[in-house]
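1. when you get a sec, could you give me coordinates for this:
(chains A, B and C)
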Amino acid sequence: MTSARRLTLFLMMAPAILWLGLLIVLPHVEILILSFSERVAPRVYQFGFGNYLEFFTEPLYWRTFARTAIMSILVTAITLLLAFPIALYIARVARGRVKAMLLLLCLLPFWVSELVRTLGWMMLLRETGLISYLLRATGLATQPVELLYNDGAVILGLVYGGLLFMIVPLANALESLDPSVVEAGYDLGGSRATVLRRIVIPHAMPGIVAGSIIVFMLTVGNFATPVLLGGKNGLWFTEQIYAQFITRFNWPQGAAFGMLLLLLSSAIVWAGLRLTGQGLGTTLRQA
Amino acid sequence: MASSNDLDIVNVTKRFGSHAAVEDVSFSVAPGEFFSILGPSGCGKTTLMRMIAGFEHPTSGDIRIRDRSMIGVPANRRPVNMVFQSLALFPMMSVGENVAYGMTCRGVGRAEADERAARMLERVGLNGFGHRQVTALSGGQRQRVAIARCLVLEPTLVLLDEPLGALDLKLREHMKIELKQLQGTFNTTFAYITHDQSEALVMSDRIAVMNGGRFEQIGSPRDLYHNPGTPFVASFVGETNRWRGAVSGAADRGLSVRLSSGVLAQGRGDAKTGDALCFVRPEAIALAAEAGALQILPNRFEGRVSAVLFDGANSSLLINAAGFDEPIRAVLPQAGPLAGITVGAPIHVGWTADAMKVFAA
Amino acid sequence: MLTKRAGFKLATAFAALMVAGSAQAAEKLRLLTWADYAPADIVQQFTKETGIDVEITLSNNEEMISKLRATQGAGFDLVQPSQDRIAGPQAEFGIYKPLDLTKLKSDLFIASMLAATKKNTTIGGKVYGVPHIWGTDGLVVNTKAAPAVADYNDLCGAAVAGKASFRAKRPTLIAFAFANGMDPFAAYGDAKAYSALMDKVGAKLAECKKNVKFFWDGKDQLLNALRTGEVVAAMAWDTGGWKLNAENPEIKFVAPKSGALGWIDTFAIPAKGRNDDAAYKWINFNMRPEIAAKVAAAAGNFTASNGADKLMQGKLKDQFAESFPKAAIDNIKWYPAVPAGIEEIEGKVLDRLKAGS
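-> Numbers count the residues shown, from 1 in each chain, chains lettered A, B, ... in the order given. This next block holds a predicted model:
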C-alpha cells in the first residue's frame, strides 16, 4: 500500500523533476564544466580558472558587468516607482471590470514579442520618428531630435518591459491589506505620507522585493533591448557573453561569463534581501 | 450657542445616490458618557460612526466635537479615535509600536512615545507585551491593544464599531465588563455601535435605537426596556411577546384590545382606535398551577406548556393558550412549585395592564 | 492505465514514424547560407531537376561557425562561410570535411578565383572550400549630404558628425588599419604585432565613435537609415550601395582610396553532413552560368561562375563600372585566411569600442 503510494507520488513528481533536471540543472552543470576549460592549442583544452581570472583582471569585462548591474538596479528602482501607484490603484481603487481591464492593459504589450515591442520604441524614438516629429511640429525643437541609441532609451525600454512583472506582485501584496488598517492609520493621526511609509509600504514589502528581484533578474539578463536601443554605447553584459560564444568562438570564456552573471546577480539579490530584511521564503510566496 | 457636550450631531443626513443611509439624526453625548447606538445591520449606524470619524462626509447637517464643527476636518485631525470591528491592528508593527504609532504621528519623540505606550499597556493589563508581535496575541489581548492605541492619545471621544463581534461568547461576556470598567477608569467618552442589544444594555449610560436611518428612541437602558417608545424598540430591545389586535375601547386607566383571535386583553398605550400591536415581557407574565392565584390580574388565561426552553438563568416556557395564535413566552421559574414543570402540563398565566404596551399598528 | 501491449504498439508506431522521417530526410539538402543566395525559383528548379528538397537556414559567418561548432559539424549538409573563415575554424574545431574535387565541374568556376579560394582554404593538403559569390566592402555615401567622403577615415570627419555608421565587426578594423597606413594582413602571422596594430586601430575608432549614429548590425537597418538621411555615410557592402543607388542616384557606392575589402563566400561541407551527393549536385547546379546569373542578380553581387557575367543585366554592370575604375579594382584587398586566435585579439578591441562611452 505504502509502496504503491510512493510510486504514485514519484510518478506525479516525475515531470517536475525531469523538467528541473533536463532544462535547468544539466545545462548549468555543462556550462560550469565548460567554464573551467582553458584553450592551450587548437583542439587542446585543460582544466583551469583562467576564464574567471580574465573577468577580474580585464577591466573591460568587470566594468561592463558593473555598468550592467548599476543600470539594472536603476531600472528596477524606476520600475518600482512607476509601478507602485499603478498597483495601488488596481488593488485598492479599481473594482470589478475596471480592475480586470487595467490588468489586461498591463498584459497587452506582452502579447507581442519583446523584439517587436523594442522595434516599436525604435519607431517612436528615432530621429525621423513620431516623438521627434511632434517636438518639431509643436515648435519645441527646431531640428530633428535623436532620442535613440543612448542609456536613456535603454532604461526606457527595460522599464517598459519590466513594469508588468512589478505590478502583479505589488498589486497582489496590496490587495491583501485590510482597508480598515489603512483607515486606522489615518484615524490615529497619520498623514498620507505616514500611512504610506509606515503601513502600506511595509505591508507591500514582500511584493516589492519579489517584483524587484524579478525585474532585476530580467533586466540583467536582457539582450535585445540594450542591443537595439543602446546603439553604440550600451554594451550590456549579455552582449559580452553573446560575443564570446558567437563571434569569438570562445565558449569556455562565454560559459565563465554566464556563470559569473548568475553568481554576481544572485549575490546582488541576496544583498538586497539582507538590506531590506526580507526572507527569500516570504518573498517567493508573494511572487 | 455654546454646548458643554463632547459630541453634538445636528440634523445629519447622508445619502448614497437616492438612498438615505442616515436621515436627519440629532443627538448629543455628554463628557464621560458611554453612549451606544443599537440597531440591526444596515440601519445606518456604521455610516453614522464613519461620519464622526471622518471617513464619510454628511450630505447635510453638522458634526460638532467640543462645540467645534468637524465639517471639512480630515480624519487624522479629529480628536476622535476608533476601535474597528476587525480591530485593524498594524500587523507590521509590534504591540508597543502599535500603541506608540499615534503619538509619533503627533510629533511626540520616539523615546517618550515608547515610554507612554509602555505605561498605557500596563494600565490595560498588558505589562511587558510591548515587543510581542500582534499576531501572537489572544483575542482579548488584541482587543485591549486596540483600545490602548486609542486611549493613549487622550481623545475627546472613542468610537467603537462592534469590537466584540469577533470574540467567542465567553470572552465577549468578559470583555463587556472590562470595556465598561476601562471606560470608567479613563473617564473617556465612548460612542459604541452594536447590533447586540445585550452589549448595549450592559455597558451603556444611554442608548440610541436606530432603524432605517433614523433614531427611534434615545434613553437609558432601563428606560428603553421598560418604556419603549415605538413598536420597533419594544421588539428589538429585550425578549418580548408580541400580538396583533384592535383597540376595542378604553378601560380603567388603559385600553382594552381584542386580539386577532378574538380574546380581549387589557393594556396601556397611546393607541385610541384601530389596529394595534401588543407587547408583554416574558418576565412580566405570572404563572400559577391554579386560576385562583392570579385573581387580581386583569389578564388571565389558561393553557398548556408546549415547550421548555432550558438555558440556565434565561430559561423560558412556551405556553399554548386558547385564543392566541402564537404561544405565550414566559420565564421558567427556577424555584417553587412550578420549577419542575414539563411539557403538556396545564398552567394558568396572567399579567397586569401596565405590563402590556399597546402601540398603534 | 496503459497496458504493456498498447505501450508496445505505440512504441512500434513511433519507431516507424522515425524511420519514415529519416527516410524522407535522405532526399533533402539542408543548406545554411546568407539571405538572397538561394532564391525560391532557383530552389524550385533544383528540386524539379533532382527530386531533392532544399531546406534553407539563413545566417552570417559567425553564426554559421557557431552553429556547426555546437554540433561538431552536424545539422547541415552544405554551408557558405566566407573563404577567410574556413581554415581557422577548421584547425580549431574541425567542423568541415574535405571536398572531393572530382565531383565538381571545375570549368564552371572562374579559374583564378577558384585557385585563390582553394589556396586559402587548404589545410594539410586538403581543400575545404570553393568560391560562389563575391563582393566588396566599401563606402556607401549620400553624395549630396556628404560629398567629401572618399576614404574610411572621412567617416570620422566633422562633416558627417553624428551621421556616420559602420559595423562593430572585424571588417571595420581591417578597413581602418589600411586607411591609417597599416597592413593588417601582413601582421596575421605575428600575434603580438597584430595585437599592437589592432590597439592602434581601436584608439582611432574610439576617437571616431562620437561621429557614429549607431553600429549597424542588420543590412535593412542601415539601408533604412540611409534612405531617411539619418545616416549619410557608412562603411557597408557594395550590394547595399547599389540597391540604394537604383532608388536614389545621389547615394553611391564608393571604393575607398585605401582600398575596398574583397570577400568571397564559398561552398563548404560540414564534417557531419549526411547528404554530400546532394551538396555536390547543388554546387554544380548553382555554378551553371544561367543559374549563377540569376542568383547573383538576386543577391546583387557577383558570382564566381565562369561566363555568368555575360548573362547579367546592364544596371549592376554600370554601377560596378562607376564605383570601380581600373585602379580601384587593382586596389581591392582580398582577405587572406584568418589564422586561429586572431578573432580573440579583434574581439577585445571591438568590445572596448562598444563598451567605452
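2. quick one: secondary structure of A:V145?
-> Counting by DSSP: H, G, I helix; E, B strand; the rest coil, the backbone at A:V145 sits in coil.
3. is it in contact with A:L135, as I believe?
-> Yes - the pair A:V145 / A:L135 is scored as a contact, 5.5 Å apart, by CB atoms under 8 Å. Yep, even glycine has a C-beta here, placed from its N, CA and C like the rest.
4. where does residue 209 land in three-state SS?
-> I went with chain A, as the question did not name one. helix.
5. distance check, it against chain C.
-> 31 Å (CB to the nearest CB, to the nearest Å).
6. what about stretch B:294-309, distance to the chain center?
-> Here stretch B:294-309 shows a centroid-to-chain-centroid distance of 30 Å under the convention CA atoms, centre = their mean, to the nearest Å.
7. outline the domain layout of chain B.
-> By the assignment in automatic domain parsing, chain B contains the domains B:7-234, B:239-360.
8. and of those domains, who's closest to chain C?
-> Judged by CB to the nearest CB, the one of these that comes nearest to chain C is domain B:7-234, at 42.7 Å.
9. just the mean pLDDT for the closest one, thanks.
-> On average, the pLDDT along domain B:7-234 is 92.
10. tell me if that domain is near chain A.
-> Yes - using CB under 8 Å from any CB of the partner chain, domain B:7-234 reaches chain A at B:53-55, B:74-77, B:80-82, B:84-86, B:88-93, B:101-102, B:105-106, B:149-150, B:153.
11. helices - which of these land there?
-> Among the residues of domain B:7-234 next to chain A, the members falling in helices (DSSP state H) are B:53, B:101-102, B:105, B:149-150.
12. quick check on residue 126: phi, psi?
-> This is for chain A. Dihedral angles of A:R126 (phi, psi; degrees, to the nearest 10) stand at phi -70, psi 160.
13. I was thinking of chain C, sorry if that wasn't clear
-> Main-chain torsions, C:K126, degrees, to the nearest 10: phi -110, psi 140.
14. following element in sequence after the lengthiest strand in chain C, please.
-> Of all the segments of type strand in chain C, defined by DSSP state E, the longest one is strand C:130-142. Counting by DSSP states H and E, the element after strand C:130-142 in chain order, helix or strand, is strand C:164-166.
15. between the following helix or strand past that following strand and strand C:130-142, how many degrees?
-> Using DSSP H and E, the helix or strand that follows strand C:164-166 towards the C-terminus is helix C:170-179. Angle of helix C:170-179 versus strand C:130-142, following axes from the mean of the first three to the mean of the last three CA atoms, to 10 degrees, is 70 degrees.
16. got the CA coordinates for the longest strand of chain C in CSV?
-> Extracted C-alpha coordinates of strand C:130-142, given in CSV (Å, rounded to 0.1, in the frame of the first residue of the first chain):
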residue,chain,number,x,y,z
VAL,C,130,35.2,26.6,-53.5
PRO,C,131,34.0,30.1,-54.4
HIS,C,132,30.4,31.0,-55.0
ILE,C,133,29.6,34.8,-54.6
TRP,C,134,32.0,37.6,-54.2
GLY,C,135,31.7,41.3,-53.5
THR,C,136,33.4,44.2,-51.6
ASP,C,137,33.1,46.3,-48.5
GLY,C,138,33.5,50.0,-49.1
LEU,C,139,31.7,53.2,-48.5
VAL,C,140,28.0,54.0,-49.2
VAL,C,141,27.8,57.7,-49.4
ASN,C,142,25.0,60.2,-49.8
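17. what's the helix or strand for A:V195?
-> helix A:192-195.
18. and B:R304, by the same measure?
-> Taking DSSP H and E as the criterion, B:R304 maps to strand B:299-309.
19. just checking, what packs against the next helix or strand after that strand?
-> Note on strand B:299-309: by DSSP H and E, the next helix or strand toward the C-terminus is strand B:316-321. Strand B:316-321 sits against strand B:299-309, strand B:328-331, strand B:346-351, with contacts defined as 3 or more CB pairs under 8 Å, 6 or more residues apart in numbering or on different chains; DSSP states H and E.
20. list the helices and strands the second one packs on?
-> It stands for strand B:328-331. strand B:316-321.
21. can you rerun that using 10 Å?
-> With contacts taken as 3 or more CB pairs under 10 Å, 6 or more residues apart in numbering or on different chains; DSSP states H and E, strand B:328-331 sits against strand B:241-251, strand B:274-280, strand B:286-288, strand B:299-309, strand B:316-321, strand B:346-351.
22. list the buried residues in the helix or strand containing C:K67.
-> Using DSSP H and E, C:K67 sits within helix C:61-71. Judged by neighbour count using 16 or more other CB atoms under 10 Å in any protein chain shown, the buried positions of helix C:61-71 are C:61-62, C:64-69.
23. ok, now stretch A:74-92?
-> By 16+ other CB under 10 Å, the buried positions in stretch A:74-92 come out as A:75-76, A:78-80, A:82-84, A:86-91.
24. can you redo the residues you listed as TSV with distance to chain B and pLDDT?
-> Listed next are the buried residues of stretch A:74-92 as TSV, based on distance: CB to the nearest CB, whole Å; pLDDT from 0 to 100:
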residue	distance to chain B	pLDDT
A:V75	27	96
A:T76	23	96
A:I78	25	96
A:T79	23	96
A:L80	18	96
A:L82	24	95
A:A83	20	94
A:F84	17	94
A:I86	22	92
A:A87	18	93
A:L88	17	91
A:Y89	19	91
A:I90	21	90
A:A91	17	89
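25. got TSV for those residues, with secondary structure and distance to B:Q217 too?
-> Shown next, in TSV, are the buried residues of stretch A:74-92 (DSSP: H, G, I helix; E, B strand; the rest coil; distance: CB to CB, whole Å):
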residue	secondary structure	distance to B:Q217
A:V75	helix	64
A:T76	helix	61
A:I78	helix	60
A:T79	helix	59
A:L80	helix	55
A:L82	helix	55
A:A83	helix	53
A:F84	helix	50
A:I86	helix	50
A:A87	helix	48
A:L88	helix	44
A:Y89	helix	44
A:I90	helix	46
A:A91	helix	43
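26. helices of chain C, residue ranges please.
-> Using DSSP H, helices in chain C cover C:4-25, C:40-50, C:61-71, C:87-93, C:111-120, C:170-179, C:191-208, C:219-228, C:238-247, C:276-287, C:289-299, C:314-323, C:326-330, C:342-355.
27. tell me which of those sits most buried.
-> helix C:170-179 (a mean of 23; mean count of other CB atoms under 10 Å in any protein chain shown).
28. where does chain C dip in pLDDT?
-> C:1-26, C:313, C:356-357 (pLDDT under 70).
29. show me it divided up by domain.
-> Using automatic domain parsing, chain C is parsed into the domains C:27-134+C:263-319, C:136-262+C:328-355.
30. count the residues that sit near B:F310.
-> Neighbour count for B:F310, taken as other CB atoms under 10 Å in any protein chain shown: 10.
31. ditto for A:C106
-> Using other CB under 10 Å, A:C106 has 20 neighbouring residues.
32. hang on, it in a strand?
-> No - A:C106 is assigned helix when assessed by three-state DSSP, not a strand.
33. element containing the residue nearest to it when sequence neighbours are not counted?
-> Closest residue to A:C106 apart from its sequence neighbours, by CB to CB, 6 or more residues apart in numbering or on different chains: A:L164 at 4.9 Å. Assigned by DSSP H and E, A:L164 falls within helix A:151-175.
34. so for the following helix or strand past that helix, what gets flagged as buried?
-> Next helix or strand after helix A:151-175 toward the C-terminus (DSSP H and E): helix A:179-187. Residues A:180-187 are the ones in helix A:179-187 that count as buried (16+ other CB under 10 Å).
35. kindly identify which of these also come near chain B.
-> Among the buried residues of helix A:179-187, the residues lying close to chain B (CB under 10 Å from any CB of the partner chain) are A:180-187.
36. may I see the residues you listed arranged in CSV, with distance to chain C and pLDDT as well?
-> Output for these, formatted as CSV (distance: CB to the nearest CB, whole Å; pLDDT from 0 to 100):
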residue, distance to chain C, pLDDT
A:S180, 52, 92
A:V181, 48, 94
A:V182, 45, 93
A:E183, 50, 93
A:A184, 51, 94
A:G185, 46, 94
A:Y186, 48, 94
A:D187, 53, 93
